[in-house]
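Asks: Pasting a predicted model and its sequence here:
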Amino acid sequence: MSTSTENATKTNVWPIFRYRDARAAIRFLVTAFGFEEAAVYGEGDSVDHAELSWPGGGGVMLSSYRDDGPLGQMLPGTGAAYLVVENPDALYERAVAAGADVAMGLRDEDYGSRGFTCRDPEGVYWSFGTYAGA
């Protein structure tokens, strides 16, 4: 049986989001939060599939909204993600400078985390904190 430490080094979680303007979302996520553009497929304004890597491992996948396929009911601008960061204060300043809509400012939690929550321009919630799980 594997331990949670072994799984952490072998498994990555990649949430999926859909955007009305996926190309603008990519620019925002890279500029505001520090994601790295790993792959973007599509032509013109349409993004069929994009992968943005998170510097600490894993990342997110996203695409332009369309109502076909298995994710057809997933509306753009919905969802939330939590990402572990080493320096939430610096990331908070970066996000605010890039125009992120702060939903909860920097704060220390009773479970030992320091972090914040904001929304991207299409309404997806992004939480960042030092808590990496039990």
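Replies: Yep, that arrived. Residues are numbered from 1 along each chain as shown.
Asks: where's stretch 89-101 relative to the chain centroid, distance-wise?
Replies: Its chain's C-alpha centre and that of stretch 89-101 lie 14 Å apart, by C-alpha atoms, centre = their mean, to the nearest Å.
Asks: no no, stretch 83-92
Replies: Worked out by C-alpha atoms, centre = their mean, stretch 83-92 lies 13 Å from the chain centre.
Asks: In this protein, spot the strand with the most residues.
Replies: Longest strand in the chain, counting residues (DSSP state E): strand 101-108.
Asks: what about the residue lying closest to I26 once chain neighbours are set aside, which helix or strand?
Replies: In this structure, I26 finds its nearest non-sequential neighbour in A50, 5.9 Å apart by C-beta to C-beta, 6 or more residues apart in numbering. Heads up, the C-betas are built off the backbone N, CA and C, glycines and all. Element membership for A50 (DSSP states H and E) is strand 49-53.
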